[in-house]
Each structure stands twice: as C-alpha cells, then as structure tokens.
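Q: Show me the folded form of this:
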Amino acid sequence: GGKRPRGNARHVPEASDAELWVGGLHGEHAYPRALKRLVHAAIPGSSGIDQPIVRLVVRKGWREKETGRWIGYGFVRFRDAEEASAALTHIDGANFAAEGVSLVANFASAPKPLKLSSGVEHKKDVEHTHREIPSNEPLSRVKSDSAFESSADGSACGSAYGSARGSACGDSDSDANDDGPGMTPGRDPGHLAVARAWPKRTLEARARAAGLHSVDAYLGAVADGSNHPRRAELTARAVRFVRGASVPRPLLANLRRALDAVRWPPVSHRPKVDSERYLVLRREVLGANDPRSDVVDPYAELKNAAGAVLRWADPRFRYDHLAVTRNFVGSPHVDGEDKSHQYAVALGDYGRGGELCVESEDGTTRWVVDTRDSVARVDGRCAHWVRGWRDFGTNRPRYSVIYYVTRPQYATTVSFAVDEGWSPGDGCESGGGSASPHPAGGDGSIIDVAALSLCAFRSVETAVGNAVRVAGTLFPWPRAMETAWEAFASVLPSEGRWWLIRLA
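A: Numbering: from 1, shown residues only. Sure thing, here's the model as predicted:
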C-alpha cells in the first residue's frame, strides 16, 4: 500500500565488482565533489574510461598517527567491472603533490588500508575501511557525465557539474508523476499528471483563459475523478496522429548495434523519470576529434551512429546534447533547459505502442507521434511523454535518441509542438535550424552518401565476421590464418578504428 518509487529509484544498483574503494582523503578533499575531481585527474583521457559516480564518502575513516588529522575514504562506481579494473591501475598510487594528496585504491570488496607515515599499519585505525555498504543505500546524487567531456560552452575540464538534462542537482526541467510502467498501449497519463508537467506560467495562462481564479483551481478541475462541472470541457483534446520520416535501414542497423553494445552508466542521468536507462551525452568531447590529441571518447561509437542519422535528417541542426534511453515510458515532462526544438527517433523490438505524445501549450491539442524507426521534429519545451507498449518489461527493448540544444546562441522560439510538415533535408526552411559546422555541399547528398557507405561497410564486416566465426568452429584453422584475419580486422571501422569512423 506504500507509494510507488519514482523513476529510477526502483533500480538501485547493488554492490558490484564495478565499485572501487579510494582512500587517502583529508580535509577539503574528503567530499564527493573533491573525490570526483581527483579521480578525474588521475585517469588519463586516452583511457576511454567514463567518469564514475561517487557512491559514498566517509570523512573520518581513521586518524593519521603523526599529525592526528582524520583521513577519509570513498566509494566510486564505474560502468562495469572491466572499466573499474582499468581505472584501478590509474587511481591507486596517484600523487597530487601540490595538494598533499596521495590516493590508494582497491576493489570495494577488499579495501586497502593506508600505510601511515611511520610505515606501520594500525588495524584499529583502519578497521572502518572495511565497513560494508548496504545494497539499498542511496547512491550519491552526483551526475555521472564522462570525465573527458567538455562543458556546454566548450571549456576545458569536462566537469560533471556542467549543463545537463535533468541532472540531480538543480534540475530545471519539470517532471510529473504518472502511471509508469503499468501503462498499456494507447493509454496516456492522467490529465492532472500531464498538467503538472507544465511550468506555472503556462498553468496560470490556462486558468485565466478558463475564468478560474488560480492554478490550484485549474488543477482541481482537470484532476481525475473531479466533479467540477467544466471538467469535460477543460480536458477535451483534439488528437492528431503523425508518423516521422523513416530512417534508411543501414543507418538504423548501425545505430541499433551501437545501442545494444553501449556500456550504460551505473545510475540514471535523469532519476525523476521512469526509464530503465537514461544517458545524457554532450556531443563534443574536448580533444576527442583533434588528431593531435590522444583523448578517447567513451561513447564514440554511439555518438557516431547517432550523428549519421541526424546528418541524413537535418545536417544543419546544431544540437549539442544527446539523451539516450532504454525503456522510457510515461513520465510527462517539459525540457526546461532546451533552447530550440529537438529531433527524436525510437527503435527496437518492442511491441505495439510506444508512441511519443506531445501536448500544445494551450492544452487543446495532443499529437501522437510514431517515431518507431523514424525521425520526428518536436519541441521538448511542450509537455511530452511516451505511451506504454505491448510486452513492456521483456527482453524486447525500446530505445530512443533525442537530439537537443542548450546553447543560447542557437535558440529559437517555440513555433510548433510537432512539426507535421517537416521532412528530411529541409531543416532550415521550416523551423529555424542553424548552420552545421561541417555543412554538406548543395542539398547534403555528400554527407548522406558517406554515412550510408560506412553503414553498408559495417554490415559487410558483420556478415564476414559471422562467417569466419562459423567456419572457425567447423574447421581448425592454422595459426597463420588466425594472424591474417586479425590483421585484416584491425583496419575495419569498429572499436575505435578512427580513420574510417571519421568518414561518418
């Protein structure tokens, strides 16, 4: 009979091999933000390791024998055990002489006691380091952006505390509770849940238009089960059905492979919504596209695949962020940080339903947008949500990729909730798209051909790779043949083969 937990709260990760214990913290460094900064500095950009989330910091772990000061420790969680193991080699022993900090680290299941300056380990002093964290202990609400991404304005130090959609700290977006995963195909959240997603100024305008004295009066009138005499009038909606522009199959297949292979962060980047996974990515990672730099973007494959889709749809659109989800459902919300319209695409093996729904600002119209294997242009500054679908909760996921803008210099006014007249290639002509940093010649056909060619090449690569694996199980191959295949595979555009990936 208790209240259902909201959003990702029902997906609290349990302790895992992806977690590291980090000790050697003292004074101003024994705080979550400081620990995150130190870990960031310890891991080189060339490693391709995503910045972890800080699960817990204990400021007073033990006292240093000679100085009497308290030494603290913390727990950080990475995307998976493999990444945690790679990060351990960089964090353990990292020395920051200017700050007087030397880190020690180990897997959380076997923390490493800190050797004091006398060289003697005191079990009494370090026994606190073996404290077990309950599996249901809330995670730190520090956002888990990539350690090597730049802030939205392109500055260095890709801090995790930069601009982010729905970040845990200072979320300016408006999210409303709803019926969540129990939603069936064709069903929308209640009128009250949708109304609460809108900012107060919009509800005030609706209340005035309806002749009601306050926002509370309007919300009470539209609430489910309300006996208000005007409820039917206030909740009447014209419904329009729209289908997005179908994405070419090679581009879809490329994006689906990237989504299936993505290493998701340990916690949702937007905990207030109902989504099994929610990942926020900046489009550009400082140094990742500079041939003189060794920085590796942890999400390069996913960004390249998603970018190829939008270059086909609207090569001039200056998006700076991606929101990538798995099994996002319900959750009426307004993207308050958006500065322009957005593009949305959904793909996966999910059953009937899963449409994107958008409501007009005056509340008189709702659009039901079919984005399955299609791109649609909508404005996230209008309340929107996702309908339920058949077979929700099975191993047939619904992925979505949203391209959006947060930079003020690329702002546009709200001129539509759903652009029904949009079609690929006319980005600037009917909605205020802006110039691409790498525009295509003429009508954009050069970029389209490059993206499609790369996708076709990867399809051939997959087919050849499967054939080789099958043949290898049927016939024992000599070592010389295996070496030849490995040499051939090393030049294929996968897993960071940057020289061909850049064609996309």
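Q: The residue found closest to V242 once you drop the neighbours it is linked to in the chain and H321, how far apart?
A: Nearest non-adjacent residue to V242, counting by CB to CB, 6 or more residues apart in numbering: V369, 4.9 Å away. Any C-beta I mention is one placed from the backbone N, CA and C, and that applies to glycine too. Plainly put, V369 is 20 Å away from H321 if you go by CB to CB, to the nearest Å.
Q: what do you get for T413?
A: Taken as CB to CB, the span from T413 to H321 is 20 Å.
Q: So the two - more neighbours on which side?
A: Between T413 and H321, H321 has the larger neighbour count (other CB atoms under 10 Å), namely 22 against 9.
Q: The more buried one and A306, how far apart?
A: Distance from H321 to A306, by CB to CB: 11 Å.
Q: who touches both of the two?
A: Y403 (CB atoms under 8 Å, 6 or more residues apart in numbering).
Q: and the gap between D297 and V324?
A: 14 Å.
Q: which residues in the stretch 201-350 of the chain form helices?
A: 215-222, 231-234, 249-261, 300-313 (DSSP state H, counting those that start in this stretch).
Q: Out of these, which gets nearest to E355?
A: Checking the helices of the stretch 201-350 of the chain against E355 by CB to CB gives helix 249-261 as the closest, at 17.7 Å.
Q: For the closest one, name the packing helices and strands.
A: Secondary-structure packing of helix 249-261 (3 or more CB pairs under 8 Å, 6 or more residues apart in numbering; DSSP states H and E): helix 300-313, strand 342-348, strand 398-404, helix 445-474.
Q: repeat that with 7 Å
A: Counting by 3 or more CB pairs under 7 Å, 6 or more residues apart in numbering; DSSP states H and E, the packing neighbours recorded for helix 249-261 are helix 300-313, strand 342-348, helix 445-474.
Q: mean pLDDT for these: which is lowest?
A: Confidence, taken as mean pLDDT, is least for helix 445-474 of the helices and strands packed on helix 249-261 (a mean of 56).
Q: Which residues are in contact with A87?
A: 20, 43, 49, 78 (CB atoms under 7 Å, 6 or more residues apart in numbering).
Q: Bridged to the first one, which residues?
A: So the one you mean is L20. Beta-bridge pairing for L20 (DSSP bridges): V76, F107.
Q: By residue count, what's the longest strand in this structure?
A: Assignment by DSSP state E gives strand 53-63 as the longest strand of the chain.
Q: Could you list every helix and strand in contact with that one?
A: helix 32-42, strand 70-77, helix 123-126.
Q: Quick one: mean pLDDT over it.
A: For strand 53-63, mean pLDDT is 87.
Q: Check which residues of it are buried.
A: Residues 53-58, 61-62 are the ones in strand 53-63 that count as buried (16 or more other CB atoms under 10 Å).
Q: and what of stretch 73-92?
A: Buried, per 16+ other CB under 10 Å, within stretch 73-92: 73-79, 83-84, 87-88, 90-92.
Q: thinking R318 is in contact with Y403, fair?
A: No: with contact defined as CB atoms under 7 Å, R318 does not reach Y403; the gap is 9.8 Å.
Q: So for these two, which sits in the more crowded spot?
A: Y403 (25 against 17).
Q: if we can go back for a sec, just the C-alphas of the longest strand of the chain, formatted as CSV.
A: Extracted in CSV, the C-alpha atoms of strand 53-63 (Å, rounded to 0.1, in the frame of the first residue of the first chain):
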residue,chain,number,x,y,z
ILE,A,53,29.6,8.2,-9.8
VAL,A,54,30.6,8.8,-6.2
ARG,A,55,28.6,6.4,-4.1
LEU,A,56,29.7,7.4,-0.6
VAL,A,57,32.4,9.5,1.2
VAL,A,58,33.4,8.9,4.8
ARG,A,59,35.3,11.9,6.0
LYS,A,60,36.6,10.4,9.3
GLY,A,61,37.9,7.0,8.5
TRP,A,62,40.9,6.9,10.7
ARG,A,63,43.5,9.3,12.3
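Q: Which parts of the stretch 351-500 of the chain are strands?
A: 356-359, 365-370, 374-378, 384-386, 398-404 (DSSP state E, counting those that start in this stretch).
Q: For the third one, give me every contacting residue.
A: By that I understand strand 374-378. With CB under 7 Å, 6+ apart as the test, strand 374-378 has contacts from 242-247, 309, 313, 341-345, 356, 358, 369, 384, 417-419, 422, 431.
Q: how about 6 Å then?
A: The set of residues external to strand 374-378 that reach it, using CB atoms under 6 Å, 6 or more residues apart in numbering, is 244-247, 313, 341, 343-345, 358, 369, 418-419, 422.
Q: Ok, the last one next?
A: With CB under 6 Å, 6+ apart as the test, strand 398-404 has contacts from 259, 306, 310, 319, 321, 323-328, 338, 342-348, 350, 354.
Q: in that strand, what's buried?
A: For strand 398-404, by 16+ other CB under 10 Å, it's 398-404.
Q: just the second one next, same as before
A: Going by neighbour count (16+ other CB under 10 Å), the buried part of strand 365-370 is 366-370.
Q: Among the residues you listed, which one lies nearest to V194?
A: R366 (8.7 Å).
Q: got a list of what the closest one touches?
A: 237, 239, 359.
Q: Report the beta-bridge partners for the second one.
A: Going back to what we said before, that points to V239. Going by DSSP bridges, V239 forms beta bridges with R366.
Q: and N106, how many neighbours?
A: Other residues close to N106 by other CB under 10 Å number 17.
Q: Could you do T364 as well?
A: Using other CB under 10 Å, T364 has 12 other residues around it.
Q: try R33
A: When neighbours are defined as other CB under 10 Å, R33 has 17 of them.
Q: how much space between it and L347?
A: R33 is 36 Å from L347, by CB to CB.
Q: How about S109?
A: The value you get for S109 to L347, if CB to CB is used, is 37 Å.
Q: Who has more neighbours out of those two?
A: When S109 is set against L347 and neighbours are counted by other CB under 10 Å, the residue ahead is L347, at 21 against 13.
Q: and that one, bridged to which residues?
A: On the basis of DSSP bridges, L347 is bridged to Y399.
Q: How about the contacts made by it?
A: 252, 256, 373, 399.
Q: Give me the PyMOL select line for the contacts of R366, limited to the buried ones.
A: The PyMOL selection below is limited to those of the contacts of R366 classed as buried (16+ other CB under 10 Å):
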select buried, resi 359
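Q: Would you reformat the contacts of R366 as TSV and include pLDDT and distance to A197?
A: Listed next are these as TSV, based on pLDDT from 0 to 100; distance: CB to CB, whole Å:
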residue	pLDDT	distance to A197
R237	94	15
V239	96	18
E359	97	8
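Q: Closest to L279 out of the contacts of R366?
A: E359 (25.5 Å).
Q: Contact partners for that closest one?
A: 366, 383.
Q: I'd like the average pLDDT over stretch 379-396.
A: Regarding stretch 379-396, the rounded mean pLDDT is 91.
Q: Endpoint to endpoint, it covers what distance?
A: This stretch, stretch 379-396, spans 28 Å end to end (CA to CA, to the nearest Å).
Q: Next, the buried residues of it.
A: Neighbour-count burial for stretch 379-396, counted by 16+ other CB under 10 Å, picks out 379-389, 392.
Q: Return the two entries of the residues you listed that lie farthest from one another.
A: Top of the distance list for those (CB to CB): R381 and F392, 27.4 Å.
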